[in-house]
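Undergrad: Dropping the sequence and predicted coords here.
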Amino acid sequence: MREVFEEAEEVGEEFDIGPLANALLSDAPPTGRELAAGSVGTPQLALFCSSVAVHRALCATGLVPDQVLGVSFGEIAALTAAGVFEVPEGARIACLLARQLARCAGGMTLVGAGEAGTEALLRRTGSPALALACVNSPEETIVSGPLPDLRALEETAAGQGVPAARLRLPFSSHHPSLTGPADAFAAAIGRLAPRPARIPVHSAVHGGPYGPQDDLHRGLADCLVRPFRLPPVLRRITTAGHALFFEAGTGQALTRSIQQTLPPDAAYAHAPLADPAFPWPRPGAPADRRPDTALAALWSTDDDHTHATAR
């Protein structure tokens, strides 16, 4: 963890973000709310570095992924894990994205219903300003849009007995109205030249693996304006055999989505950073089991359910 944060430290200073390693590794690390009170980009830099650090730690113990999956903000860490960007470049992308997110007014609401149920809820709410942003699993989605319209959606959901909860995010995302911030973000990261990926990188927003002809800058920017549907991506990844997932985000949102989407005989998912009892093997020791397909998925935070690393 300290190694990755130190590699990103100079970039953080450029964005007026002080060193984070000592605080995050202390006995009393800052909360998400405290990080959000810092300079713009502080939470995003912390989440990006944490995901890459967990990925790197898993690799150091022999759990080297065959593939990586990026979900929304987690695409930055996924591409970095695959060698497309170096840590300082990924850190810069995360901070530049944070600047654009500050322009994305609105919010996001988690809905305890599948895609069809949420679409019906949107029709009942009757607000054209709302958009289905994310399909996390057959049982869970996210809606994005202006705050008053989200309140109307939540009231409609309550009347229908559908669980709905506002996410602790001061911005909207995955919304078609955000073309301005998306274009500005793509232009800002355009000078960072991507390298060939060492392993396949799957994108939940792209709907599958990136190819050599794909514009990765636009792919990252698309996370602001396009929705993602995670279930078909997970099913496509696991068609070749059993997959072992290790989530490298700070929570376990992706792990829950996998468990809600795939049968146990198709995939096993674990969130090591969220589990204090996770049995980290000794460096250099062989992994206990080698699945037919090993996958690393990168998510960002449990709060927004839109972003993850796993294996």
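TA: Okay, I see it.
Undergrad: any chance you could map the strands in this structure?
TA: Here the chain has its strands, by DSSP state E, at 67-70, 107-111, 131-137, 140-145, 164-166, 201-203, 208-209, 228-229, 243-247, 267-270, 293-298.
Undergrad: tell me how far the fourth one is from the chain's mean position?
TA: On the basis of C-alpha atoms, centre = their mean, to the nearest Å, strand 140-145 is displaced by 15 Å from the centre of the chain it belongs to.
Undergrad: now do the third one
TA: A distance of 13 Å separates the centroid of the chain from that of strand 131-137, by C-alpha atoms, centre = their mean.
Undergrad: Let's test this: mean pLDDT of it, rounded?
TA: On average, the pLDDT along strand 131-137 is 97.
Undergrad: same check, this time on stretch 250-268
TA: Per-residue scores along stretch 250-268 average to 90.
Undergrad: cool, and stretch 173-183?
TA: Stretch 173-183 comes out at a mean pLDDT of 97.
Undergrad: just to revisit the earlier point, any idea which of the strands of the chain is most buried?
TA: Highest mean neighbour count of these: strand 67-70, a mean of 29 (counted as mean count of other C-beta atoms under 10 Å). Using the backbone N, CA and C atoms, a C-beta is placed for each residue, glycine as well.
Undergrad: okay, that one in CSV with CA atoms only?
TA: C-alpha atoms of strand 67-70 as CSV (Å, rounded to 0.1, in the frame of the first residue of the first chain):
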residue,chain,number,x,y,z
GLN,A,67,-7.9,-11.1,-17.0
VAL,A,68,-9.1,-7.8,-15.4
LEU,A,69,-12.5,-6.3,-15.3
GLY,A,70,-13.0,-2.6,-14.9
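Undergrad: coming back round to it: who wins for proximity to Glu13 among the strands of the chain?
TA: Glu13 sits nearest to strand 293-298 of all the strands of the chain, at 24.7 Å, using C-beta to C-beta.
Undergrad: before we move on, the earlier item: let me have the strands of the chain in JSON lines, extended by distance to Ser177.
TA: Below are the strands of the chain laid out as JSON lines (distance: least, C-beta to C-beta, whole Å):
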{"stretch": "strand 67-70", "distance to Ser177": "23"}
{"stretch": "strand 107-111", "distance to Ser177": "13"}
{"stretch": "strand 131-137", "distance to Ser177": "8"}
{"stretch": "strand 140-145", "distance to Ser177": "8"}
{"stretch": "strand 164-166", "distance to Ser177": "19"}
{"stretch": "strand 201-203", "distance to Ser177": "21"}
{"stretch": "strand 208-209", "distance to Ser177": "25"}
{"stretch": "strand 228-229", "distance to Ser177": "17"}
{"stretch": "strand 243-247", "distance to Ser177": "30"}
{"stretch": "strand 267-270", "distance to Ser177": "33"}
{"stretch": "strand 293-298", "distance to Ser177": "26"}
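Undergrad: Please name the residues that touch the residue nearest to Gly207 when sequence neighbours are not counted.
TA: Sequence neighbours aside, Val233 is the residue nearest to Gly207 in space, at 6.4 Å (criterion: C-beta to C-beta, 6 or more residues apart in numbering). Applying C-beta atoms under 8 Å, 6 or more residues apart in numbering, one finds that Val233 lies in contact with 69, 202, 204, 207-208.
Undergrad: Would you check that Leu121 makes contact with Glu155?
TA: No. Between Leu121 and Glu155 there is no contact, the gap being 10.9 Å when judged by C-beta atoms under 8 Å.
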